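Chemist: Quick one, what's the 3D model for this:
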Amino acid sequence: MACFRAAVLCTAFFLTLGFGYVGQSTSAKAAACPMVELPVCALTPTGEHKRFTNSCFAHRDHARVLHPGDCVTQTGGICMMIELPVCAIDPATHKRRTYPNLCQSEADNATLVHDGACREKATQRVQSGEICVQVISCGTKNGKRKQYPTPCAARDDGATDITPKTGPTCGALQ
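Modeler: Numbering: from 1, shown residues only. Next up is the predicted model:
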């Protein structure tokens, strides 16, 4: 138990005995997963929805993570028709799609992107490769200056004369 001799020996000792990591063998270091409880719902290679302790365990078992947290579908993929939309990647089209709720996206084996409906303009921006810098901006809409979180948000809202915000307010254009 001479961890004081060398950091490498100490690390090897802990990993060999499983301290701090699970599934570690001396010959398969890539299979090590931290013992951190951050559950995910994943699709196994056999098509089963399964809860994993964290995404590392899911990837180690060649499962595709669908969303954080426990799996929500019941046996047979039955979902309550509660309207809490989520945006997820449709596995058939590989495009973003709004699902009525997390259960329905999970039942369709879709990968969660975010809560709420997919934003059309944001999806187009991602597909075109456009990058939107997170700069508080000012734009003119209906003849009035308005503040936006990004220049892309200003464009999406139909604003013109978009500039970075430089003062405490978005004053009149000069």
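
Chemist: Which helix or strand in the protein has the lowest average pLDDT?
Modeler: helix 7-17 (a mean of 34; mean pLDDT, DSSP states H and E).

Chemist: quick one, strands of this protein?
Modeler: 21-22, 33-34, 40-43, 49-52, 64-68, 86-89, 96-99, 111-115, 137-141, 144-148, 160-164 (DSSP state E).

Chemist: tell me which residues of the fifth one are tucked away?
Modeler: For strand 64-68, a neighbour-count test (16 or more other CB atoms under 10 Å) marks 65-67 as buried. Every C-beta, even on glycine, is put in place using the N, C-alpha and C of the backbone.

Chemist: the domain parsing of the protein - what is it?
Modeler: Per automatic domain parsing, the domain ranges recorded for the chain read 1-32, 36-71, 77-118, 132-165.

Chemist: Looking at the ones you listed, spot the one closest to Gly171.
Modeler: Shortest separation from Gly171 across the domains of the chain is recorded for domain 132-165, at 6.5 Å, computed as CB to CB.

Chemist: mean confidence score for that closest one?
Modeler: Regarding domain 132-165, the rounded mean pLDDT is 84.

Chemist: Model confidence score at the residue nearest to the spatial centre of the chain, please.
Modeler: Nearest residue to the geometric centre of the chain (CA atoms, centre = their mean): Val113, 5.2 Å. On the pLDDT scale, Val113 is placed at 91.

Chemist: Once you drop chain neighbours, what's closest to it?
Modeler: In this structure, Val113 finds its nearest non-sequential neighbour in Cys87, 4.5 Å apart by CB to CB, 6 or more residues apart in numbering.

Chemist: I'd say that neighbour and Asn101 touch.
Modeler: No: the criterion here is CB atoms under 8 Å, and Cys87 misses it with Asn101 at 11.7 Å.

Chemist: More neighbours: which of those two?
Modeler: Cys87 (20 against 17; other CB atoms under 10 Å).

Chemist: for the more buried one, what are its contacts?
Modeler: For Cys87, the contacting residues are 96-99, 112-119, by CB atoms under 8 Å, 6 or more residues apart in numbering.

Chemist: Can I get those in a markdown table including distance to Ala42?
Modeler: Below are the contacts of Cys87 laid out as a markdown table (distance: CB to CB, whole Å):
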| residue | distance to Ala42 |
| --- | --- |
| Arg96 | 20 |
| Arg97 | 19 |
| Thr98 | 22 |
| Tyr99 | 17 |
| Leu112 | 11 |
| Val113 | 16 |
| His114 | 18 |
| Asp115 | 19 |
| Gly116 | 22 |
| Ala117 | 24 |
| Cys118 | 22 |
| Arg119 | 26 |
